[in-house]
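1. Let me see the structure of the following:
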Amino acid sequence: MFIATLIAAGTLTAGDISSAMDRLAAAGCAPAGQGWIDEGYAADLLFGMAPDAARSALEGAFARTDVVVQPSFSRTKTLLIADMDSTMITVECIDELADYAGIKPQIAEITERAMRGELDFEAALDARVALLEGLDEREIARCLAERVTIMPGAKALVGTMRARGARTVLVSGGFTRFAEPVAAEIGFERAIANVLEIADGALTGTVTKPIVGSHTKLATLQAAIAEHGLAPEATLAVGDGANDLAMIEAAGLGVAYHAKPIVAAAAAARIDHGDLTALLYAQGIARSEWVLA
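-> A predicted model of the protein is given here:
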């Protein structure tokens with residue numbers, strides 16, 4: 001069996017669910033039942049076949065509503081691998097750091113192209129970091145304090161999954177000086193990111209090699225599965241950029257979160273409207289069970 005979860009911000013109605021069941025029937029998906037997770041916010045539709053047809057039938061059919069389609073037997077996830085910039089936090093750290101150097105437009109353009117998959121990620125990172133040569137090291141802490149904001153729903157997602165025994169890893173193509181405090185604040189067990197090289201209190205314009213990129217993200221997912229003896233289908237990966245694609249495609253449920261078009265098109269699920277608590281609803285976890293501390 002399969003489950004299609006409809007997720008909205010209090011706007012779902014019984015009529016929407018009835019219409020969704022009709023759409024599943026028309027698409028040949030053999031709908032079998034439905035029920036609320038949280039009334040108005042999330043509902044599950046159970047069906048028997050053709051998950052791709054179900055996704056096509058439901059995505060975009062209801063205003064500001066996200067849809068996650070997956071096998072029912074593996075919806076509970078025991079591993080979360082997550083990107084940081086524009087996923088677990090609301091900004092791209094390198095762009096914000098560049099603002100302190102007075103060169104944000106130049107670096108942000110490269111970042112955007114890299115995240116859309118138009119540039120090689122590693123080469124683009126080297127090029128951007130080189131432009132930061134000479135920036136005072138103290139600006140990193142200032143940027144962290146002034147610009148970095150945790151994405152809505154991030155703490156609930158990680159806290160709830162960890163309370164249920166899941167492993168959680170933050171793996172970022174950004175920098176340890178941001179990823180480590182962000183991971184600690186959100187509650188991740190581990191953080192993996194690039195190391196900015198610093199000498200005499202200033203950035204040297206280089207990062208330690210090898211660069212944490214697409215391959216590292218995929219390898220982190222695979223290593224965690226092997227290390228902890230996890231079922232691959234019970235893994236969740238979430239990100240927004242092209243360097244997240246490999247881990248998203250390899251995970252049991254790969255989610256494009258408010259993502260670039262190339263990622264949204266390739267991912268098994270998209271969250272375009274909701275916050276990160278949508279990934280709890282995707283696992284059938286009601287708000288009353290969320291860990292919010």
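2. Which parts of the stretch 151-293 of the chain are strands?
-> 167-175, 190-194, 196-199, 202-207, 235-239, 253-257, 269-271 (DSSP state E, counting those that start in this stretch).
3. residues making contact with the shortest one?
-> The one in question is strand 269-271. 7, 59, 66-70, 253-259, 264, 278-279, 282 (C-beta atoms under 8 Å, 6 or more residues apart in numbering). C-betas here are computed from N, CA, C, even on glycine.
4. Could you measure from the residue nearest the centre of the chain over to residue 138?
-> Taking C-alpha atoms, centre = their mean, the centroid of the chain lies closest to residue 238, which sits 2.7 Å from it. Per C-beta to C-beta, to the nearest Å, residue 238 is found 32 Å from residue 138.
5. likewise residue 36?
-> Distance from residue 36 to residue 138, by C-beta to C-beta: 51 Å.
6. More neighbours: which of these two?
-> The neighbour comparison of residue 36 against residue 138 (other C-beta atoms under 10 Å) goes to residue 36, with 14 against 11.
7. Now for that one: which residues touch it?
-> Counted by C-beta under 8 Å, 6+ apart, residue 36 has contacts 42-44.
8. so where's the chain uncertain?
-> Low-confidence segments of the chain, defined by pLDDT under 70: 293.
9. measure residue 148 to residue 84 for me?
-> On the measure of C-beta to C-beta, residue 148 and residue 84 end up 10 Å apart.
10. Can you check which residues contact both of the two?
-> Shared contacts of residue 148 and residue 84, counting by C-beta under 8 Å, 6+ apart, come down to 93, 178, 182.
11. and those, which of them are in helices?
-> Applying DSSP state H to the shared contacts of residue 148 and residue 84, the entries found in helices are 93, 178, 182.
12. and which of the residues you listed is nearest residue 18?
-> residue 182 (41.9 Å; C-beta to C-beta).
13. how close does the closest one get to residue 151?
-> Residue 182 sits at a distance of 10 Å from residue 151 (criterion: C-beta to C-beta).
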